[in-house]
Every structure is written in C-alpha cells, then in structure tokens.
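Visitor: Coordinates for the following, if possible.
(chains A and B)
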Amino acid sequence: MNYRSSYFILTCLGLGFAFLYIPILSMVVFSFNASKLVTVWDAANSPTLKWYVALLNNEEILDAAWISLKVALINASGSAILGTLAGFGLARFTQFRGRFTLNAMTTAPLVMPEVITGLSLLLLFVALEQLIGWPAGRGITTMTIGHMTFSMAYVTVIVNSRLASFDTALEEAAMDLGARPLKVFFVITLPIIFPAVLSGWLLAFTLSWDDLVISSFTSGPGSSTLPMVVFSKVRLGVSPEINVLATITLAVVTTMIVGVSLWMARRARLDKLAA
Amino acid sequence: MRPTGRLRRVGITGRGLVVALPYMWLMLFFVVPFVIVLKISFSDIDLAIPPYKPLLEWVGKNSLAIKVNFNNYAFLFTDSLYLRAFANSIKVAFVSTLWCLAIGYPMAYGIARAKPATRNVLLLLVILPFWTSLLLRVYAWIGLLKANGVINNVLQSLGIIHEPLTMLYTPFAMYVGIVYSYLPFLVLPLYANLEKMDWQLLEAAEDLGCRPWQAFYKITLPLSRNGILAGSMLVFIPAVGEFVIPALLGGPNALMIGRVLWDEFFSNRAWPVASAVAILLLLLLVPFMMWYQSVQARESAGAR
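Guide: Okay, the predicted model is just below:
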C-alpha cells in the first residue's frame, strides 16, 4: 500500500490535531486581549500585558499556587519512590505473595473515577481522626497523601514498562561477580530506569498540580489549591486572568516536555553508540 | 523477559521490603477506605460532625448492637433521579468512547505509519495537551462555545448564521468536553499497539487482491483489538464518574452520577447517601476494571 497517498489519514490527523490545539491556542491569543469581555477582540488596545500584571498581583491566586506547589513537590518525590519500588518489584520479582493484589492496586487508581477515590480518602481520614487523633484536621498533609495514592500508580506503570523492555543480563552479571542486591540496584538498575523515574516524577507533579476533585474532598479550611480557586472562578464565567494562567502553564509545560524529550533522545543516541 | 538465575534467589527479606512499602501504602490509603465507604453507606444520616451514626452501639451494659441500615440504598432505587443519573452517565461515557475511537483511531494509525522522525513529533503533540491542566483545557471550551464566544463570532462574521447558536451548557458541550479531554488516553495505547504491527501483512493481502479497506477490516482491525479495548476502557471508566466536565460545560440539567455524588456530599452533607452512590458506581465499574486489567496483561504478554 502506498501510505503517502492516503489523504484520508492525513486529513484525519490534521483535523484531530486542530481539535486538540484550537482551544489551547485560543486561550493564548485572548490572554493578550485588552477587553474585559475576553472573547471579543479589542483591536484598538490589544495586544496588552495588563492581565499578566493583574494575575501577578492577585494574592488569592498566588497563595493558592504556593500551596499547590508545596503539595506537588512532596507528592512527586514520594510517588517517585513508592512507584519505583512497586514497578521494580512487579517487573523483577516474578513470584511473591500479594503480587496479584499489588498489580491490581496499582492499575485500579489509573481508571478509578476521582469522586470515588476522593470520598473514600476523606472518610478514611475522618475515621482515623476519631480513632487515633491523626490526622488532626485536614489540609496539606491529607491532600498530599491523597495525591500520592493515585500518582504512584502512574509512576509504577512507567517504571514497570521500562524495566520490562530491559533484560536482566547486566543485573545478573553484576550479581555473579559478587555485588550485593542493593548495590546492583543503585549502580546498574537505577541508571537504566532513571529516565522512567524522571518522567514519573514530572507526571506525578503535574497530576497533583492539576487535581481538583481529590483536593476538594481532602482539603481543609485555608488550604485551597490553585485548581480549587480556578474552579470557583470559572464557574462564574470566563475571566481574562485565567487565560493568562493557562498561557503561563502551557509555556512552562512545553519548555519542560520538549527539553526532557530532547535530553532523552540524546541519551538514547549515546546508549546506541556505546552498545 | 523473566528474571532468571541469581536474581530469583535474592533474599526473601530484601525482596519483601521493596514491595512491602508500596503494598502497605495502597492497602491503607486505597483499599481500606473502600471498606469504610461500605460501612458508612449502611449508617443513618445524623445532624452531627461527622454526619452519620455509628454502626455499632452499646445497648445496655453488655450488649453491642449492630445497626445495618439499607435505607440509603432503598432511597437510591425509589427516587428516579439516581437511576436516571446512572443510566445517563453510562450513555454519555459510551457515546463519548465511540467518538474518541472515531477520531482517535485514524490519528493513532497515521502516527504509527509516519516516518520515525515525524512520528516522535506527532506523539509529542498528542502528549502535550495531556500535561497541561485538564481544568484549563475544559475552561477553554467555555470561551469557544458561549453565546458571544469565538465560534459564534466567527460564524456570524462569515454570515453563516445570524443568531448566535446556544452551545454552552448543553449536552453537546459536555460531549465535546469529554471527547476532547479523553482523546489522548485513547490514542496513546492504540498507537503503542499499532506500532508493533507487521505492515507486510497488509502488503501481502493486497498482493493477493485485497482492497485497502478490506485489508484494514480483515487484518489491521482484528490485530489491534487489544489496543482498541485498552484505550476504550481508559476513556469509558473514568468518564462514567466524571465530575469537572459536566459541572463546567453541561449546565444545571446535566445529570451525571459523579455530579450527583458531589452534590450529595458537599451541598446536602448526606455522607451515607454519597457513600451508597459510590458503592453502586464501584460495583458497576469493577467488571470493566477487571476486563481492562486482563487486556493489559495480554498486551504485555504479547510484547514479550
């Protein structure tokens, strides 16, 4: 089959990507719009940076962003550790008691509707507080625990699939030469799976930074995250400051993703040269 | 690739420690909470903090009474609102999954058949929206769909319509939002499946006189079955319980079970009713989750 001549597929690709990107680009364009009506372009005074200035002076949004940042950083690091352990265990230990359960527990959070996870975590925290007095009230700690529970599942999947595509020859050779398992892990396995752990960390960070539902269930008074503030604003209609927030988010994420993929592509080339 | 030789003989203790930590974490924060939800779904609503009555109560000095209350479940089946919300959620999730397949399959196919350099760029373009906030991307559709929004303005200035179309806060807006948000979840597993396809099979079929569409229907489609199933589950299961998209785009009448649960919990403070909704939703989704897991297991077994 002559694939290049398949205009049908090319049209589908074009339309599909237009569908994915037109909404995002419209936010970027209208973030520079002077009009308060947001979607009506004010040609006389635009483009302008006035909503960028307004956003950077908005205390409510900045406070919420600071809370989100704290939660996302702790969550990403915790999930990276737990997820790496789980992914490594599932990929390298073929038989252990509870393997099936661990596999199920790391797959289910990927598809579980967030309202269920959020509600169940909140009820757990309330029950624990009645029982042992911890956690006292709800806030950053409870939100972070909630985020880690679903983020680590994503890290597990990424690490597991990276390890599945690497054979165990290097690790076995090191053990045959007398290295202890712990040393093998840090000297051989960890460098191999490092790109996966890094992607997992970044993904866990974004999942937490974006999460609305689980945060709403597990947060307490005075600990509103950025998505919670955005949600309450957006419910009242469009706001120029939210367009600015979206544009900044997009710029940061794009830089990060493109940077990491370039770095990984380079690393993969070096690996190939070394092999 | 199965670990062999010395790796299998790693001491039980080291191995135990590695898996014990994530295992305990998920047991405590993922499995035990469901038991508590189940328990509270059987308790009475109470005007207290927390707003439910205990299941176990001391009656007199030495007897402990268990009060199991089926009222919450009975309530869900008597008030037609809940059953309609369940039915509507399943319908919306199912139709959205079909739309995602219709848009996503040709995309995944196109990416899988592109040249390797182009392929990586296209993949990156699919992944990128997934990394930017879901909330902000759903919000973008409000600006596009509202009465004086971008789509209406463009259509009016082109003279195609004279009155603005009502699109925001309709079922249409909700479908657009769900398909838009979940599309990458379908494209990625489907691409991963199609990428492993042996395209020479298609050439052979055509050499033997098969039309391209016939070859697609007889070869590509059956071989990508697991990718289609995995991607569809990743869309369908979370979409049934979706809250954010119906709340922002669907308007006040968008009856979705995730939203009903949210309102029972936050607006009505009816924790036991919300718990009963959660349990029913979970019972509905567990078969699909198990199906997803078995599809995943088959996929990774096939990859090895």
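
Visitor: tell me the mean pLDDT for the helix or strand encompassing B:F288?
Guide: Element membership of B:F288 [criterion: DSSP states H and E] is helix B:271-303. Predicted confidence along helix B:271-303 averages 88 (mean pLDDT).

Visitor: For it, what is the distance to the chain centroid?
Guide: Helix B:271-303 has its C-alpha centroid displaced from the chain centroid by 10 Å (C-alpha atoms, centre = their mean, to the nearest Å).

Visitor: helices and strands around that helix, which ones?
Guide: Counting by 3 or more C-beta pairs under 8 Å, 6 or more residues apart in numbering or on different chains; DSSP states H and E, the packing neighbours recorded for helix B:271-303 are helix A:99-111, helix A:114-132, helix A:140-164, helix B:32-41, helix B:71-78, helix B:80-113, helix B:225-240, helix B:257-266. Glycine gets a C-beta too; all of them are placed from N, C-alpha and C.

Visitor: Using JSON lines, lay out those together with mean pLDDT, mean neighbour count and distance to A:W51.
Guide: Compiled in JSON lines, the helices and strands packed on helix B:271-303 are given as follows (pLDDT from 0 to 100; neighbours: other C-beta atoms under 10 Å in any protein chain shown; distance: least, C-beta to C-beta, whole Å):
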{"stretch": "helix A:99-111", "mean pLDDT": "89", "mean neighbour count": "19", "distance to A:W51": "36"}
{"stretch": "helix A:114-132", "mean pLDDT": "92", "mean neighbour count": "21", "distance to A:W51": "30"}
{"stretch": "helix A:140-164", "mean pLDDT": "92", "mean neighbour count": "24", "distance to A:W51": "29"}
{"stretch": "helix B:32-41", "mean pLDDT": "92", "mean neighbour count": "20", "distance to A:W51": "41"}
{"stretch": "helix B:71-78", "mean pLDDT": "88", "mean neighbour count": "16", "distance to A:W51": "45"}
{"stretch": "helix B:80-113", "mean pLDDT": "94", "mean neighbour count": "20", "distance to A:W51": "33"}
{"stretch": "helix B:225-240", "mean pLDDT": "94", "mean neighbour count": "23", "distance to A:W51": "33"}
{"stretch": "helix B:257-266", "mean pLDDT": "92", "mean neighbour count": "22", "distance to A:W51": "30"}
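
Visitor: With distance to B:M174 as new columns, can those be given to me in TSV?
Guide: Listed next are these as TSV, based on distance: least, C-beta to C-beta, whole Å:
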stretch	distance to B:M174
helix A:99-111	20
helix A:114-132	16
helix A:140-164	24
helix B:32-41	27
helix B:71-78	23
helix B:80-113	7
helix B:225-240	10
helix B:257-266	11
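
Visitor: Identify whichever of the ones you listed lies nearest to A:I67.
Guide: Comparison of the helices and strands packed on helix B:271-303 against A:I67 by C-beta to C-beta identifies helix A:140-164 as nearest, at 6.7 Å.

Visitor: What angle do helix A:99-111 and that closest one make with each other?
Guide: Orientation check (axes from the mean of the first three to the mean of the last three C-alpha atoms, to 10 degrees): helix A:140-164 against helix A:99-111 gives 120 degrees.

Visitor: how much space between the residue lying farthest from the centre of chain B and chain A?
Guide: Distance from the C-alpha centroid of chain B, by C-alpha atoms, centre = their mean, peaks at B:K61 (49.4 Å). Noted for B:K61: a distance of 23 Å to chain A, by C-beta to the nearest C-beta, to the nearest Å.

Visitor: did I read that right, that residue in a strand?
Guide: No. The assignment for B:K61 by DSSP: H, G, I helix; E, B strand; the rest coil gives coil, which leaves it out of any strand.

Visitor: Nearest spatial neighbour of the closest residue to chain B within chain A, chain-adjacent residues omitted?
Guide: Distances between chain A and chain B by C-beta to the nearest C-beta are smallest at A:P113, namely 2.3 Å. Counting by C-beta to C-beta, 6 or more residues apart in numbering or on different chains, A:P113 lies nearest to B:G241, which is 2.3 Å off, once chain neighbours are set aside.

Visitor: now swap in A:L128 and tell me
Guide: A:W134 (6.2 Å).

Visitor: same thing with B:F94?
Guide: Using C-beta to C-beta, 6+ apart and skipping residues adjacent in sequence, the residue nearest B:F94 is B:F236, 6.7 Å away.

Visitor: go on, A:F205?
Guide: The spatial neighbour of A:F205 that comes closest, neighbours along the chain excluded (C-beta to C-beta, 6+ apart), is A:A76 at 4.0 Å.

Visitor: Is A:S216 in contact with A:T117, as I believe?
Guide: No. At 11.8 Å, A:S216 and A:T117 do not qualify as touching, with contact defined as C-beta atoms under 8 Å.

Visitor: what's near enough to touch A:I214?
Guide: A:E114, A:T117, A:G118, A:L121, A:M143, A:G146, A:H147, A:F150 (C-beta atoms under 8 Å, 6 or more residues apart in numbering or on different chains).

Visitor: Point me to the residue of the stretch 101-250 of chain B nearest chain A.
Guide: In the stretch 101-250 of chain B, the residue that lies nearest chain A is B:G241 (2.3 Å; C-beta to the nearest C-beta).

Visitor: Enumerate every residue touching A:W263.
Guide: In this structure, A:W263 makes contact with no residue, judged by C-beta under 8 Å, 6+ apart.

Visitor: Tell me how far the helix or strand hosting it lies from the chain's centre.
Guide: In this structure, A:W263 sits in helix A:240-274 according to DSSP H and E. For helix A:240-274, the distance from its own C-alpha centre to the chain's C-alpha centre is 13 Å (C-alpha atoms, centre = their mean).

Visitor: avg pLDDT for it?
Guide: Computed over helix A:240-274, the mean pLDDT rounds to 86.

Visitor: buried residues in it?
Guide: Of the residues in helix A:240-274, those buried by neighbour count under the rule 16 or more other C-beta atoms under 10 Å in any protein chain shown are A:240-247, A:249-250, A:253, A:257, A:261.

Visitor: Make CSV out of those residues and add distance to chain B.
Guide: Formatted as CSV, the buried residues of helix A:240-274 follow (distance: C-beta to the nearest C-beta, whole Å):
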residue, distance to chain B
A:P240, 10
A:E241, 11
A:I242, 6
A:N243, 8
A:V244, 11
A:L245, 7
A:A246, 4
A:T247, 9
A:T249, 6
A:L250, 5
A:V253, 5
A:I257, 6
A:S261, 6
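
Visitor: quick one on the thing from earlier: check contacts around the residue of chain A closest to chain B.
Guide: Counting by C-beta under 8 Å, 6+ apart, A:P113 makes contact with B:I237, B:P238, B:V240, B:G241, B:E242, B:F243, B:G258, B:L281, B:L285.

Visitor: do B:Y169 as well
Guide: B:L249, B:G250, B:G251, B:P252, B:A254.

Visitor: ok so, going back, nearest to B:S275, of the helices and strands packed on helix B:271-303?
Guide: Comparing the helices and strands packed on helix B:271-303 against B:S275 with C-beta to C-beta, the closest turns out to be helix B:32-41 (3.8 Å).

Visitor: Counting by contacts, list what that closest one packs against.
Guide: Applying 3+ C-beta pairs under 8 Å, 6+ apart, we find helix B:32-41 packed against helix A:114-132, helix B:271-303.

Visitor: quick revisit: was I right about the residue nearest to A:P113 contacting B:F288?
Guide: No. Checked against C-beta under 8 Å, the pair B:G241 and B:F288 is beyond contact range at 11.4 Å.

Visitor: A strand includes B:W58, no?
Guide: Yes. Secondary structure of B:W58 (three-state DSSP): part of a strand.

Visitor: With adjacent residues omitted, what lies nearest to it?
Guide: Distances taken as C-beta to C-beta, 6+ apart put B:L64 closest to B:W58, at 6.0 Å, once the chain neighbours are dropped.

Visitor: Let me have the contacts of A:I214 in a markdown table, extended by distance to A:T39.
Guide: Shown next, in a markdown table, are the contacts of A:I214 (distance: C-beta to C-beta, whole Å):
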| residue | distance to A:T39 |
| --- | --- |
| A:E114 | 29 |
| A:T117 | 35 |
| A:G118 | 32 |
| A:L121 | 38 |
| A:M143 | 33 |
| A:G146 | 35 |
| A:H147 | 33 |
| A:F150 | 34 |
